[in-house]
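Colleague: Here is a sequence together with a model predicted from it:
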Amino acid sequence: MTTTLPAYDEVVARYEPVIGLETHVELGTNTKMFCGCPTDFGGEPNTRVCPVCLGLPGSLPVANSAAIEATIRIGLALNCSIAQWCRFARKNYFYPDMPKNFQISQYDEPLCVDGYLDVEVNGETVRIGIERVHLEEDTGKTLHVGGATGRIHGATESLVDYNRAGIPLVEIVTKPIPGTAALAPDVARAYVTELRDVLRSLGVSDVRMEEGSLRCDVNTSLNLPGEEWGTRTETKNVNSLRSVERAVRSEMLRQASVLDAGGRITQETRHFHEDTGDTTPGRSKETATDYRYFPEPDLVPLAPDPAWVAELKAALPELPRLHRRRLQQAWGLSDLDMQSVLNAGAVELIEATVAAGATPAAARKWWLGELSRRANETGVELADIGATPAQVAELQGLVDAGKLNDKMARTVLEGVVAGEGSPTEIMTNRGLEVVSDTGALTAAVDEAIAANPAIADKIRSGKVAAAGALVGAVMKTTRGQADAKTVRDLILERLGA
Amino acid sequence: MTDVTAMTATQIAGLVAAGETSAVEVTQAHLDRIAAVDEQVRAFLHVDTEGALAAARDVDARRAAGEELGPLAGVPVAVKDVLTTRGVPTTVGSKILEGWRPPYDSTIVQRLRAAGTVMLGKTNMDEFAMGSSTEYSAYGATRNPWDTDRIPGGSGGGSAAALAAYEAPLAIGSDTGGSIRQPGAVTGTVGAKPTYGGTSRYGLVAFSSSLDTPGPCARTVLDAALLHAAIGGHDPRDSTSIPAPVPDVVAAAKLGATGDLGGVRLGIVTEFGGEGAEPGVMAAFNEAVDTLTKLGAEIVEISCPHFQYALPAYYLIAPSECSSNLARFDGVRFGLRVGDDGNRSLEEVMSLTREAGFGPEVKRRIMLGTYALSSGYYDAYYGQAQKVRTLITRDFTAAFERVDALISPTTPFVAFPLGARTSDPYQMYLADLFTIPTNLYGGPGISVPCGLSEGLPVGLQVMAPTMADDRMYRVAAALESAVGTLTPPAL
């Protein structure tokens, strides 16, 4: 089916979007949610399993207290109220990658409720309401072999890997977000970005969207101004920040075209496709399973001690937004400059480089300049470029000490990125140190003056600009290992200019 | 030496400890007894001859090496097939687990091994512990040693019959609505349901998680107490396990055996009188009440007005939990798999497996529970039943402010003929009329023989407050000291 989609500007002129986001975060605990199996990524299929996470008859879950603590910390960071008493619930449905054919989750008694997260979009602060934060277990993974679609229908064989079954999973659900108009896709992206940074600052998850440790479902609906909210769709499989933005936009356009044609939006789950940026229908919610939730009788209720919750709250790290604001002031950056640091993903890197002794300006110069350029060229994340903040600070230290000039420092940095060692080692190994021994340098200068008497005369007569030619000659004889300014000063001094 | 199979666990352990016999000899004698009579009784689904003799040899070796062993070392025990046993078939009386050998031991079985007991094998039960006669076992009914044309009770009829047939001196059962106590009553043996959380459910194949309680079965109250002490106590693998020591049930049984109940107040539940029980059962019960009075107990009548709703509440809560607990039996990871011929979808295979693997009573309860948990019905059924459960708990709490323990007949009728109640589920459910309230409350209950009716055993139930299991052992042991143990006719 091909339909011509309306222009985005027209859509937001006619309709008001309401969005909502459900985010699943795999916690970085050492062990699974309800058993002692390790949670490390990878591993041969079905090697990180035990009777509990395989759902063998007779086995029983015991809740992982580290996961409960992490969830409460997330709730506190998102300004939620922490339940004084709550329970796990069973969500019942049959699926082969779910060992017990029910998922231990939370239903009407989540651990954390009613919070918010402030995010910045185009310099404006938008407050996103948080409905709930709850704890559950992940399922295994099914691989459907044969069949055209890779889906369960039509497959000739289904293989199941339970290594991921039972990994602790936190679900964070926003309240509906109305009133964002044309900015809806940006708000969605900004929210997930901010949430990711919060989770990272808490150290509760490695929040890698590409590995699925942070997953997003995006709810979207459109309504005419002044009318009730429209029917929403839930878009799954949104696995990058860019996709969050694209999925909202794509679904707004699709829904608008349906509504423009006099159609109805079906309440359904849709799948996002990274390649096309489109969504396609999945399971229809109107015929969805009745999950028959009921309190999990194998687990005792959770009753976090309020004093303990207060301790956790007091020990929360500075939240990324406030942290960034403080850094911006300390570094003396304009909003625009700070934005470019953020866009480059360089905040923590610069911060660490400054902590290792560099000035903010120098740290920013290296990370946003040479290193960002190389990261872009090679297509890796800046953080994975191969140079550490400590190395960058060391490099700058060598420059400040006059041991490296700018050009040489870039060469040394290449060596650092190539893994040749520390800047000092590379400088020594490559024989790159600035010639600062004035005796040797004076000899080279005198040699250059003697070899170019005409130019020397010009300088003596006041044409100081001519010194450049002699500097070039000295740099050549010292193979670039002299500091150009020192050479120039020396030439002028020798010629009395 | 007289036949060890006629001895109590306490006697056997004494002989083994004194070196007058060995664990291997004791075990062999019981294996011989099983070989001789189990064709008539059908108490066992699996006899682990090799495993039992190996365990017995191990106990003998440890003793020879001078190791200090527990009070039940060398005593054989039969284990209800609801508990996982590493490498030993565990079927839960169902075709859906036929041939499954668990890769792990339940906590109860681990503790039995640690105590030096010798597991003889796995006993028959109603499929998934759903039933009161063992007739719903997918592997055929167990017979009552008192009359092999009659039922041995259920769901733990295999464990109770093994005791009554002298195939084992000790057995493990599990009690969700009466599955330890009612078989104990109708076979003339002792069966105790501990406080919920007092014995670990880890490795107990779940029927109804909030009610299931593993517990001891024996021919004497003291033996049951010794077994209770060996298997009970906190287990970190079971979140609902109580982190407190088991009350001293052995000392209580010994105290009770002195026959003195002076200062003990016992309550008779008004609502359990009347038309509920057979006249013969009531006659035996009333006689036992007189006996308890003579032993010094003070008897009062106590109204527990919500007990009348216990049966309907139970038949919403237990099936609801079972509908979820039994979802994992789908042919994907273990047990039976039907229809996997390369042409059928995964969903069809799951469906065919469950269709073929579950018996009619299990399906009935899954259907009931699925309905009761459905959106739109949840509040009216499951939610309402939980409220009733709270009211029943309050009845117990109020009663225990006035008395130390409650007493009643264990079950309304003596062992009925095979087939008498299978066509009407409700008639079968009535067998647990007096035992179910305790499960809903979570407290302990014990059934002890109190006499005969029409030549068949009648049990008296003692119900105590949660974590006061010792009280019921004291009362039961006192009654036993006056009434004596019951001996069935020779097989």
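Modeller: Thanks, I have the structure now. Numbers count the residues shown, from 1 in each chain, chains lettered A, B, ... in the order given.

Colleague: Dump the strand or helix carrying residue B:60 to CSV, keeping only the CA atoms.
Modeller: Following DSSP states H and E, one finds residue B:60 within helix B:49-64. In CSV, the C-alpha atoms belonging to helix B:49-64 read as follows (Å, rounded to 0.1, in the frame of the first residue of the first chain):
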residue,chain,number,x,y,z
THR,B,49,16.2,-49.5,45.3
GLU,B,50,19.7,-48.7,44.3
GLY,B,51,19.6,-45.1,45.6
ALA,B,52,18.1,-46.3,48.9
LEU,B,53,20.8,-49.0,49.5
ALA,B,54,23.5,-46.6,48.5
ALA,B,55,22.2,-44.0,51.0
ALA,B,56,22.0,-46.7,53.7
ARG,B,57,25.5,-47.8,53.1
ASP,B,58,26.7,-44.2,53.3
VAL,B,59,25.0,-43.8,56.7
ASP,B,60,26.6,-47.1,57.9
ALA,B,61,30.0,-45.9,56.7
ARG,B,62,29.6,-42.5,58.4
ARG,B,63,28.6,-44.2,61.6
ALA,B,64,31.5,-46.6,61.3
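
Colleague: Just the buried positions in stretch A:470-490, please.
Modeller: A:470-471, A:473-475, A:477-478, A:481-484, A:486-488, A:490 (16 or more other CB atoms under 10 Å in any protein chain shown). Every C-beta, even on glycine, is put in place using the N, C-alpha and C of the backbone.

Colleague: can you check stretch A:356-369 too?
Modeller: Buried, per 16+ other CB under 10 Å, within stretch A:356-369: A:356, A:357, A:358, A:360, A:362, A:363, A:364, A:365, A:366, A:367, A:368.

Colleague: mind checking how far the fourth one is from chain B?
Modeller: Taking CB to the nearest CB, to the nearest Å as the measure, residue A:360 and chain B are separated by 51 Å.

Colleague: wait, which of the buried residues of stretch A:356-369 is closest to chain B?
Modeller: Nearest to chain B, judged by CB to the nearest CB, of those is residue A:356 at 45.0 Å.

Colleague: so the closest one makes contact with residue A:387?
Modeller: No: taking contacts as CB atoms under 8 Å, residue A:356 lies outside contact range of residue A:387: 11.9 Å.

Colleague: In contact with the residue positioned nearest the centre of chain B, which residues?
Modeller: Closest residue to the average C-alpha location of chain B: residue B:180 at 2.2 Å, with CA atoms, centre = their mean. Shown in contact with residue B:180 (CB atoms under 8 Å, 6 or more residues apart in numbering or on different chains): B:156, B:159, B:173, B:174, B:191, B:192, B:193, B:213, B:215, B:217, B:447.

Colleague: Those in strands, which ones?
Modeller: Those of the contacts of residue B:180 mapping onto strands are B:173, B:174, B:191, B:192, B:193, B:213, B:215, B:217, B:447, per DSSP state E.

Colleague: and which of those is nearest residue B:283?
Modeller: Nearest to residue B:283 among the ones in strands among the contacts of residue B:180 is residue B:447, at 17.4 Å by CB to CB.

Colleague: Neighbours of that closest one, how many?
Modeller: The tally of other residues near residue B:447 (other CB atoms under 10 Å in any protein chain shown) stands at 38.

Colleague: hang on, it packs against residue B:182?
Modeller: Yes: judged on CB under 8 Å, residue B:447 makes contact with residue B:182 at a distance of 7.2 Å.

Colleague: Which neighbours do those two have in common?
Modeller: Residues touching both residue B:447 and residue B:182 (CB under 8 Å, 6+ apart) are B:410, B:459.

Colleague: give the contact list for residue A:94.
Modeller: Residues near residue A:94 by CB under 8 Å, 6+ apart: A:101, B:327, B:330, B:347, B:350.

Colleague: For it, give me the pLDDT.
Modeller: Confidence at residue A:94, expressed as pLDDT, is 91.

Colleague: Relative to residue B:370, how far out is it?
Modeller: Distance from residue A:94 to residue B:370, counting by CB to CB, to the nearest Å: 12 Å.

Colleague: circling back: what's downstream of the helix holding residue B:60, the next helix or strand?
Modeller: Following helix B:49-64 toward the C-terminus (DSSP H and E): strand B:76-80.

Colleague: which strands and helices sit next to that next one?
Modeller: Strand B:76-80 is packed against helix B:23-41, helix B:107-114, strand B:118-123, helix B:157-164, strand B:170-175, with contacts defined by 3 or more CB pairs under 8 Å, 6 or more residues apart in numbering or on different chains; DSSP states H and E.

Colleague: deepest of these, which one?
Modeller: Stretch with highest mean neighbour count among the helices and strands packed on strand B:76-80: helix B:157-164 (a mean of 35; mean count of other CB atoms under 10 Å in any protein chain shown).

Colleague: In CSV, list the C-alpha atoms belonging to that one.
Modeller: Below are the C-alpha coordinates for helix B:157-164, written out as CSV (Å, rounded to 0.1, in the frame of the first residue of the first chain):
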residue,chain,number,x,y,z
GLY,B,157,-2.7,-41.3,49.8
GLY,B,158,0.5,-42.9,48.7
SER,B,159,2.5,-41.6,51.7
ALA,B,160,-0.2,-42.5,54.2
ALA,B,161,-0.8,-45.9,52.7
ALA,B,162,2.9,-46.7,52.7
LEU,B,163,2.9,-46.0,56.5
ALA,B,164,-0.3,-48.0,57.2
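
Colleague: That one packs against which elements?
Modeller: Where contact means 3+ CB pairs under 8 Å, 6+ apart, helix B:157-164 is packed against strand B:44-47, strand B:76-80, strand B:118-123, strand B:170-175, helix B:181-187, strand B:213-218.

Colleague: give the contact list for the residue located most distally from the centre of chain B.
Modeller: Each residue of chain B has a distance to the centre, and by CA atoms, centre = their mean the biggest one is for residue B:343: 43.5 Å. Listed by CB under 8 Å, 6+ apart, residue B:343 has no contact partners.

Colleague: what residues are up against the closest residue to chain B within the stretch 51-200 of chain A?
Modeller: Proximity to chain B, evaluated over the stretch 51-200 of chain A using CB to the nearest CB, is greatest for residue A:101 at 3.5 Å. Contact analysis of residue A:101 by CB under 8 Å, 6+ apart lists A:55, A:92, A:93, A:94, A:95, B:327, B:328, B:330.
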